[in-house]
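> Predicted structure and sequence below. I'll ask about it afterward.
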Amino acid sequence: MSVTSSSILIVAAHPDDEVLGCGGSIARHADAGDHVQVLVVAEGATSRQQQRDRGQVDTELSDLAFAAQKAGEILGATGVELLDLPDNRLDSIDRLDLVKLIEEKIERYQPQIVYTHHSGDLNIDHRRLHEAVVTACRPTPGHSVKRLLSFEVASSTEWQPPGSAPAFQPNWFVDISDQWDRKRLALEAYASEMRPWPHARSLEALEHLARWRGAQVGVEAAEAFCLLRELR
């Protein structure tokens, strides 16, 4: 890192969430010379089974891991670390254990900026991870994290019915006009996770979302976030 660069940590629940939520911002940070570490907490496949059996989806998990590394390379991430917590079962893990895991990674990477999930997402892993990250980033003296942001994930954030959880009301926008093409390529690396139009997790829908978020702030394409805390 250069003297003026920052350390960034992306904490995502599943492989592809990091690209869906902030892939353009990852690329923009990389373009600025920042050190961007991606942490993916859950394995992303065994929730499709009646009971978790990692062995039955070993090939699928290997493909997801390869896609995560490929997407990271496309976006310019410094590193992509994948853990093996159970997919869509983070509510089965003691919250304290999840917090301590995130604290360990923050201690290791010393990020100034952290991105994670929105608190009101439909997906249970997103909500539990949000809680753990906010707890791990509590503003104690000497803590490295100066800015904390939450991102939207198409097919989770907007699928939560109104009134069931906090709505995503973005107050922070990042211009990704120059990074959209790389975000699209990173999404294409996750071909197994993409869906055909008009699914919310189709390439067409995600481009529409980027263009709409951009139009909200007068640029070609943008990503939207909730700024949870900032220390200047």
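On my side now, so go ahead.

> From A191, how far out is the spatially closest residue to R232 that is not a sequence neighbour?
Leaving aside its sequence neighbours, R232 sits nearest to K146 (C-beta to C-beta, 6 or more residues apart in numbering; 7.8 Å). In short, each C-beta sits where N, CA and C put it, glycine included. Per C-beta to C-beta, to the nearest Å, K146 is found 36 Å from A191.

> More neighbours: these two, which one.
Neighbour totals were compared for K146 and A191, and K146 leads with 16 against 10 (other C-beta atoms under 10 Å).

> check contacts around the more buried one.
112-113, 230-232 (C-beta atoms under 8 Å, 6 or more residues apart in numbering).

> so who does Q110 touch?
Applying C-beta under 8 Å, 6+ apart, the residues contacting Q110 are 7, 144.

> Check H126 too.
13, 17, 117-118, 153, 156 are the contacts of H126 under C-beta under 8 Å, 6+ apart.

> Dump those into TSV; add secondary structure and neighbour count as well.
Converted to TSV, these look like this (DSSP: H, G, I helix; E, B strand; the rest coil; neighbours: other C-beta atoms under 10 Å):
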residue	secondary structure	neighbour count
A13	coil	29
D17	helix	30
H117	strand	27
H118	coil	27
V153	coil	27
S156	coil	26
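
> Any of the contacts of K146 buried? List them.
112-113 (16 or more other C-beta atoms under 10 Å).

> Closest one of the contacts of K146 to A71?
Ranked by distance to A71 (C-beta to C-beta), the contacts of K146 are led by I113 at 19.4 Å.

> so what's that closest one scoring on pLDDT?
What the model reports for I113 is a pLDDT of 98.

> Which strand residues bridge it?
I8, R147 (DSSP bridges).

> What is the neighbour count of the closest residue to R201 other than its chain neighbours?
Among residues not flanking R201 along the chain, S155 sits closest, at 4.3 Å (C-beta to C-beta, 6+ apart). Using other C-beta under 10 Å, S155 is surrounded by 18 other residues.

> tell me the contacts of S155?
S155 sits in contact with 195, 199-201, where contact means C-beta under 8 Å, 6+ apart.

> Give me the distance between it and V219.
24 Å.

> Which other helices and strands does the helix or strand encompassing E60 contact?
Using DSSP states H and E, E60 falls within helix 58-75. Applying 3 or more C-beta pairs under 8 Å, 6 or more residues apart in numbering; DSSP states H and E, we find helix 58-75 packed against helix 17-31, strand 35-42, strand 79-85, helix 180-189.

> For the longest one, list every residue counted as buried.
If you call a residue buried by 16+ other C-beta under 10 Å, then helix 17-31 has these buried ones: 17-30.

> So for that helix, mean pLDDT?
98.

> do the same with the shortest one
Mean per-residue pLDDT for strand 79-85: 96.

> Flag every buried residue along that strand.
For strand 79-85, the neighbour count (16+ other C-beta under 10 Å) marks 80, 82, 85 as buried.
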